[in-house]
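*Asks:* I would like to see how this sequence folds:
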Amino acid sequence: MELKLAQTESYKALLKANSDWATKRMQEEPEFFNKLAAGQSPEILWIGCADSRVPANEVTGTRAGEVFVHRNIANVIVHSDMNMLSVLDYAVNALKVKHVIVAGHYGCGGVTAALSKKQFGLIDNWLRHIKDVYRMHSHELDAIADHTEKVNRLVELNVEEQVYNLCRTTVVQNAWKERTDLEVHGWVIDLKTGLVKDLNVSHRDAHSLGYVYELNEE
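*Replies:* The predicted structure is shown next:
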């Protein structure tokens, strides 16, 4: 009975917090919600980890309406993921975002799980994509003795590979044929400091993707 009561109270606390937030926003900026309801024109698409500690708006100091967001376990870009591709297509072709950011974070639970030999259930099929990243970089990763350092390095390598995967999508490549203002970036967030590490793997065109991935001919 006490457990159910605690759950009920925690749920009510969410509704109370929402009411307080809306009231405060109206006091600070009376037209805030009218502007928000009128539409969105974000310049950023954030593809990040579903981890509750890395919300896009808080990390970037942006407001509602300024960042379009897609999140999944360990910020993975899979060419057959229709959910991600639909978000990407809408962001790039309808909203005309200028920056797509793949954002990982140190200490990522998904990356940590992918480095283990343990079975976790359905998610094992998703983690395999990260295991593939490990396989491609196993020589470097196996030379790292400290487990935390190994996880964090795989976090970085995973972001780099997902940026590459993102650039290989037809959505991004077709946009690059028509636009010069679309960039793709890779970030890692340090939870201990809140600071972002830019991995300097930004792309502005398809020329660096390799011959068979550069889809620039009809």
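
*Asks:* Need the phi and psi values for Gly103.
*Replies:* For residue 103 the amino acid is Ala, not Gly. phi -120, psi 110 (degrees, to the nearest 10).

*Asks:* typed the wrong thing, it's Ile73
*Replies:* With angles defined as degrees, to the nearest 10, Ile73 sits at phi -60, psi 120.

*Asks:* in the sheet, who's paired with the spatially most central residue of the chain?
*Replies:* By CA atoms, centre = their mean, the mean C-alpha position of the chain lies nearest to Gly48, the distance being 1.5 Å. Gly48 has the following beta-bridge partners by DSSP bridges: Arg71, Ala103.

*Asks:* Quick check: it touching Thr60?
*Replies:* No: checked against CB atoms under 8 Å, the pair Gly48 and Thr60 is beyond contact range at 10.4 Å. For every residue, glycine as well, the C-beta is placed using N, CA and C.

*Asks:* how about the strands of this protein, start to end?
*Replies:* Secondary structure of the chain, counting by DSSP state E: strands at 44-49, 67-72, 99-105, 183-189, 196-198.

*Asks:* What is the second one packed up against?
*Replies:* With contacts defined as 3 or more CB pairs under 8 Å, 6 or more residues apart in numbering; DSSP states H and E, the secondary structure elements packing on strand 67-72 are strand 44-49, helix 56-60, helix 82-89.

*Asks:* can you check the last one too?
*Replies:* Packed against strand 196-198, as judged by 3+ CB pairs under 8 Å, 6+ apart, are the following elements: strand 183-189.

*Asks:* what is the mean pLDDT for the strand it packs on?
*Replies:* Averaging pLDDT along strand 183-189 gives 98.

*Asks:* Now that strand: buried residues?
*Replies:* Within strand 183-189, the residues that qualify as buried are 184-189, counting by 16 or more other CB atoms under 10 Å.

*Asks:* Nearest to Val159 among these?
*Replies:* Nearest to Val159 among these, counting by CB to CB, is Gly186 at 4.4 Å.

*Asks:* how about the closest one, what does it touch?
*Replies:* Contacts of Gly186 were listed using CB atoms under 8 Å, 6 or more residues apart in numbering, and they are 101-102, 104, 159-160, 162-163, 198-199, 201-202.

*Asks:* contacting residues around the residue nearest to the centre of the chain?
*Replies:* Per CB under 8 Å, 6+ apart, neighbours of Gly48: 54, 56, 69-71, 75, 101-105.

*Asks:* Who are the packing partners of the longest helix along the chain?
*Replies:* The residue-count maximum for a helix in the chain (DSSP state H) belongs to helix 2-28. Here helix 2-28 touches helix 32-38, going by 3+ CB pairs under 8 Å, 6+ apart.

*Asks:* Number of residues surrounding Asp205?
*Replies:* Neighbours of Asp205 under the rule other CB atoms under 10 Å: 16.

*Asks:* quick one: it from Glu178, how far?
*Replies:* Distance of Asp205 to Glu178, given as CB to CB, to the nearest Å: 12 Å.
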